[in-house]
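1. no FASTA, just this:
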């Protein structure tokens, strides 16, 4: 594994320490409850960040998403659309999202993360210049431009998950 692959895995590991603990043990109501008007609930955030990471890695590697390949869409009661990941969802769409239990949310994330780890394990420094599909648009971009987004999205939304848990339950939910 390249040094960049190890650094990226370490960043994801550190994010998970808080994010996965924030989902653990939440009731179905808590997973759907918005901590403030128009903010996203923990269940939606956890699904979204998993879908974003799944989509990102599989668009880079040109493989089918875990969402479709392993049938996770069925466990969430959703369509197998490999590109839908909640970007730009309206308040009504977020309210309509009914997450499965905390264990299923976490299991999907872990399946996505295992796929991400396999990708990062195979990453070589020479791959950073390889052209891959962009997040937006049609012109290919070097992989080095896509990789930071993978981490930023995960850490950004992982922090939101942890913050939303604290907003729902107050202090003391995390014993670090």
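-> In hand now; what should we look at? Because the structure is a prediction, the values reported are computed rather than measured.

2. residue contacts, the most far-flung residue of the chain relative to its centre?
-> Farthest-out residue of the chain from its mean C-alpha position, per CA atoms, centre = their mean: residue 126, at 26.1 Å. Residues near residue 126 by CB atoms under 8 Å, 6 or more residues apart in numbering: none. Bear in mind the C-beta positions are built from the backbone N, C-alpha and C, glycine included.

3. Which pLDDT value does the model give it?
-> With respect to pLDDT, residue 126 has a value of 94.

4. neighbouring contacts of the helix or strand harbouring residue 95?
-> Assigned by DSSP states H and E, residue 95 belongs to helix 91-96. With CB under 8 Å, 6+ apart as the test, helix 91-96 has contacts from 34, 38, 40-41, 44, 86.

5. so how far is the top helix by length along the chain off the chain centroid?
-> Under DSSP state H, the helix in the chain containing the largest number of residues is helix 143-169. Mean-position distance between helix 143-169 and its chain equals 8 Å (CA atoms, centre = their mean, to the nearest Å).

6. do the same with stretch 169-176
-> Taking the mean of its C-alpha atoms, stretch 169-176 sits 22 Å from the chain's own mean (CA atoms, centre = their mean).

7. and residue 127, how many residues sit next to it?
-> Residue 127: 18 surrounding residues under other CB atoms under 10 Å.

8. Skipping its backbone neighbours, what lies nearest it in space?
-> residue 143 (5.7 Å; CB to CB, 6 or more residues apart in numbering).

9. With residue 117 instead?
-> Excluding the flanking residues, the one nearest residue 117 by CB to CB, 6+ apart is residue 9, at 6.2 Å.

10. so that neighbour touches residue 119, yeah?
-> No: using CB atoms under 8 Å as the test, residue 9 is too far from residue 119 to be in contact (10.1 Å).

11. returning to what we had before: show me what counts as buried in the helix holding residue 95.
-> Under the neighbour-count criterion of 16 or more other CB atoms under 10 Å, helix 91-96 has residue 94 buried.

12. same question, stretch 36-50
-> Along stretch 36-50, these residues count as buried under the neighbour rule (16+ other CB under 10 Å): 40-50.

13. on that earlier part again, and the helix holding residue 95, average pLDDT?
-> In the prediction, helix 91-96 has an average pLDDT of 96.

14. same thing with stretch 3-12?
-> The pLDDT scores in stretch 3-12 average 95.

15. which other residues reach it?
-> Identification of contacts with stretch 3-12 by CB under 8 Å, 6+ apart yields 1, 113, 116-117, 120-123, 125, 128, 147, 150-151, 154-155.
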